[in-house]
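Chemist: sharing a sequence plus its predicted fold:
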Amino acid sequence: MSSLTLRNLTKSFGKTDVIRGVSLDVEEGEFVVFVGPSGCGKSTLLRMIAGLEDVSGGDLMIGGQRMNDVQAARRGVAMVFQSYALYPHLTVRQNMGFGLKVRKVPAADIARQVGEAADVLKLGALLDRYPRELSGGQRQRVAIGRAIVASPQVFLFDEPLSNLDAELRVHMRAEIAALHRRLGNTMVYVTHDQIEAMTLADRIVVLRDGRIEQVGTPRELYERPANAFVAQFIGSPKMNLVAAEAVADRMAALGRPVPEGALIGLRPEHLQIVAPDQAILSGQLLTSEYTGADSLLHVELPGGDVLLLVHPGADTPEPGAQLSIGIDPALAHVLERPAA
């Protein structure tokens with residue numbers, strides 16, 4: 001395994017800047033996840049690390065060695081793609097060992113390495129099957145097995161679970177986390193799903209418009225977001241944002257003065273229905289969404305904005321009810337307004 005270092009990395013397609021001065025240090029054995037909205041540059045950045053996209057500027061180093069102009073096959077990385085990219089006419093065994101065969105590795109060594117990877121991924125009973133005989137989760141494990149067989153310094157994952165159904169994604173998340181604990185390799189993982197990021201990452205890199213907005217552990221990003229963009233991107237349902245002026249008097253009365261002109265972030269899971277004298281906001285319940293253990297309430301504030309509130313249990317007020325909404329002042333986030 002190796003460290004990964006990006007120094008002021010840039011990527012342009014013609015006059016369009018896609019990656020704009022990204023600097024990042026990934027330690028040996030670390031699991032780092034890139035997240036951000038569509039078009040933020042996360043997959044392009046991963047492909048630059050893999051050697052599938054040229055570097056326009058800056059330095060890209062793996063294990064302390066500059067890799068800007070090194071061919072993809074010589075970088076010591078292995079990539080698992082969104083599509084499984086398995087050869088339909090080859091068995092699982094042949095698919096996993098194909099890269100080694102191309103490199104003219106002796107047959108006995110190929111058999112040993114494929115067998116070891118199959119044991120790690122519990123694919124031993126499937127080695128003689130063809131891709132058409134496998135489920136989606138099994139195909140993805142074969143694709144991961146092909147990467148393991150290559151013995152890379154760094155594993156790269158480009159949205160590997162997006163083609164799976166919800167239940168299988170949960171199962172595969174656990175398998176990838178267990179794989180990292182067992183192998184200990186450096187892993188960089190791209191996803192648009194912030195739940196995947198929160199459950200898998202040692203650290204999360206939040207990207208927007210080709211720049212890093214914040215880097216930190218899942219807990220750091222959830223509890224101490226650097227700005228309003230990160231605050232709303234991390235957490236599900238997303239954080240509510242209200243103007244400080246709307247809650248300043250009530251927050252001050254509860255012992256938490258807020259600066260003028262700021263945004264106040266209120267996570268739906270931290271809000272509660274309270275007595276009027278404990279409220280910071282009030283509004284009319286538009287609708288409630290029952291999700292099992294709790295319900296998601298949509299509350300319209302006097303100015304027309306809609307606040308989301310997670311209400312425990314199955315019993316909820318009727319639509320049209322006037323609700324007083326409170327929060328522990330320590331759980332409110334004071335955030336700067338985004339630049340115009």
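Modeler: Done, it's in. Numbers count the residues shown, from 1 in each chain.
Chemist: going forward, measure contacts and count neighbours with C-alpha atoms only.
Modeler: Noted.
Chemist: what's the burial count for His298?
Modeler: His298 has 21 neighbours, counted by other C-alpha atoms under 10 Å.
Chemist: then the one 10 residues further on?
Modeler: With neighbours defined by other C-alpha under 10 Å, the count for Leu308 comes to 21.
Chemist: list the buried ones in stretch 100-109?
Modeler: Neighbour counts over stretch 100-109 (16 or more other C-alpha atoms under 10 Å) mark Leu100 as buried.
Chemist: next, the distance between the ends of it.
Modeler: 9 Å (C-alpha to C-alpha, to the nearest Å).
Chemist: also stretch 140-157?
Modeler: 11 Å.
Chemist: distance from that stretch to the middle of the chain?
Modeler: 19 Å (C-alpha atoms, centre = their mean, to the nearest Å).
Chemist: what sits up against that stretch?
Modeler: 1-2, 46, 50, 76-82, 84-86, 92, 95-97, 99-100, 113-114, 117-118, 121, 123, 160-161, 185-190 (C-alpha atoms under 8 Å, 6 or more residues apart in numbering).
Chemist: let me see the mean pLDDT of it.
Modeler: Stretch 140-157 shows an average pLDDT of 91 in the prediction.
Chemist: how about stretch 278-295?
Modeler: Here the average pLDDT along stretch 278-295 is 94.
Chemist: ok so, going back, could you identify the buried members of the contacts of stretch 140-157?
Modeler: The neighbour-count test (16+ other C-alpha under 10 Å) marks 1-2, 46, 50, 76-82, 84, 86, 92, 95-97, 99-100, 113-114, 117-118, 121, 123, 160-161, 185-190 as buried among these.
Chemist: pull up the pairing partners for the host helix or strand of Val188, direction included.
Modeler: Val188 belongs to strand 186-190 when assigned by DSSP states H and E. Its sheet considered, strand 186-190 pairs with strand 31-35 (parallel), strand 154-158 (parallel) by DSSP bridges.
Chemist: look up how far Ala314 lies from Glu269.
Modeler: Taken as C-alpha to C-alpha, the span from Glu269 to Ala314 is 15 Å.
Chemist: actually Gln214, not the one I typed
Modeler: Taking C-alpha to C-alpha, one finds Gln214 at 37 Å from Ala314.
Chemist: who's more crowded, those two?
Modeler: Gln214 (18 against 12).
Chemist: bridged to that one, which residues?
Modeler: Bridge pairing for Gln214 - DSSP bridges - gives Val206.
Chemist: got the contact list for it?
Modeler: 205-207, 221, 225-226, 230.
Chemist: at 10 Å instead, please
Modeler: 204-208, 220-221, 225-227, 229-230 (C-alpha atoms under 10 Å, 6 or more residues apart in numbering).
Chemist: and it, what's its pLDDT?
Modeler: At Gln214, pLDDT is 97.
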